[in-house]
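Colleague: Quick one, what's the 3D model for this:
(2 chains)
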Amino acid sequence: DSGVTQTPKHLITATGQRVTLRCSPRSGDLSVYWYQQSLDQGLQFLIQYYNGEERAKGNILERFSAQQFPDLHSELNLSSLELGDSALYFCASSYTGKGANTIYFGEGSWLTVV
Amino acid sequence: AQSVTQPDIHITVSEGASLELRCNYSYGATPYLFWYVQSPGQGLQLLLKYFSGDTLVQGIKGFEAEFKRSQSSFNLRKPSVHWSDAAEYFCAVGNQAGTALIFGKGTTLSVSS
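Modeller: Prediction:
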C-alpha cells in the first residue's frame, strides 16, 4: 500500500458526460501528479500540483481540469467524455515535487466511456 | 528533452532463471532513475530508485539495478525469477526540478514453469 488513495476504483459513464476522480496523497506529501495510462499512449503525465498551486502541465486536454484543495487532496475533472478517454488514471504524490524525492502511485481509477 | 526507451516489449523467462530488463534514458544532466512494477489490474509499485552515489542500487523483491552513465542505461536485474514476478515493468526518469517522471513504454515479463 503506497498510501495514495484514489476513488472511485472503477467508473463507467456515457460519452458526453462529466466525471470527477479524487485523490488523497500520502500523509505529509505536498505534491500531487495525475497520469493517464492507455494501451496506445502508455503512461502520460497530465498535470502536477504543489501545495495547492499548479506546478507543471503535460498532455492534458482542455476538456480536463484539476485542482488541489487546502487539505491537499486533489480532483481531476473530465468533461465531454469521448470513447478515447477510456483509460486508467493514476494519481501520485511526493513530498516536495523537487529534487531527489520519490513519487508514489495510487492504484488508479479505471474509467470506461461507452 | 527527457526520454526513456525500454527496447524489449515482452520477455519470457523460465522460473529460477536470471532476468535483465533494459532501460536507456536521454537527459542532459544527472538523472533520477526509477523502476516501477505493475501487476495486472494493480497500481504502480516502486521497486528501486537511483539519485546519486553507489551506481548499483538494491530494491524490493530481490531486484537490483545498475546506473551506467557512459551507456545512459539503468538496467534492472534479478538473479532468480519467481512466477509472482510476472508483471509489467516501467523505467522512469526524473530531474532536480521535480517535474513529472517520464516513463518508458514498459516491458511485460512472463515467467514460464
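Colleague: ok, residue A:29 to residue A:107 distance?
Modeller: Between residue A:29 and residue A:107 the distance, using C-beta to C-beta, to the nearest Å, works out to 16 Å. All C-beta atoms are positioned from the backbone trio N, CA, C, and that covers glycine.
Colleague: bridging residues for residue B:76?
Modeller: Listed beta-bridge partners, residue B:76: residue B:21, residue B:65 (assigned using DSSP bridges).
Colleague: Would you mind confirming that it is in contact with residue B:61?
Modeller: No - shown here, residue B:76 and residue B:61 do not form a contact pair, counting by C-beta atoms under 8 Å, at 10.9 Å.
Colleague: so what's in contact with those two at the same time?
Modeller: Between them, residue B:76 and residue B:61 share these contacting residues under C-beta atoms under 8 Å, 6 or more residues apart in numbering or on different chains: residue B:47.
Colleague: Who has more neighbours out of these two?
Modeller: When neighbours are counted by other C-beta atoms under 10 Å in any protein chain shown, residue B:76 comes out ahead of the other of residue B:76 and residue B:61, with 24 against 12.
Colleague: Show the pLDDT at residue 89.
Modeller: Because you didn't say which chain, this covers chain A. In this model, residue A:89 is scored at 97, pLDDT.
Colleague: sorry, should have said chain B
Modeller: At residue B:89, the model reports a pLDDT of 98.
Colleague: cool, and residue B:13?
Modeller: 97.
Colleague: Which strand or helix spans it?
Modeller: Element membership of residue B:13, judged by DSSP states H and E, is strand B:10-14.
Colleague: host element of the residue nearest the centre of chain A?
Modeller: Closest residue to the average C-alpha location of chain A: residue A:34 at 3.1 Å, with C-alpha atoms, centre = their mean. Element membership of residue A:34 [criterion: DSSP H and E] is strand A:31-38.
Colleague: what comes up buried for that strand?
Modeller: The neighbour-count check on strand A:31-38 (16 or more other C-beta atoms under 10 Å in any protein chain shown) flags A:31, A:32, A:33, A:34, A:35, A:36, A:37 as buried.
Colleague: Select the helix or strand of chain B having the lowest average pLDDT value.
Modeller: For chain B, using mean pLDDT, DSSP states H and E, the weakest element among its helices and strands is strand B:102-103, scoring a mean of 92.
Colleague: Any residue of that one touching chain A?
Modeller: Yes - contact of strand B:102-103 with chain A is found when judged by C-beta under 8 Å from any C-beta of the partner chain, involving B:102, B:103.
Colleague: Touching that strand from outside, list them.
Modeller: By C-beta under 8 Å, 6+ apart, the surrounding residues in contact with strand B:102-103 are A:42, A:43, A:45, B:2, B:3, B:4, B:36, B:90, B:91, B:92, B:93, B:94.
Colleague: Emit the PyMOL select command for whichever of those are buried.
Modeller: In PyMOL syntax, the buried subset of the contacts of strand B:102-103 is picked out as below (16+ other C-beta under 10 Å):
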select buried, (chain A and resi 43+45) or (chain B and resi 2+4+36+90+91+92+93+94)
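Colleague: Which positions in chain B make contact with chain A?
Modeller: Chain B has residues B:32, B:34, B:36, B:42-46, B:49, B:51-52, B:90, B:94, B:96-106 near chain A, with proximity defined as C-beta under 8 Å from any C-beta.
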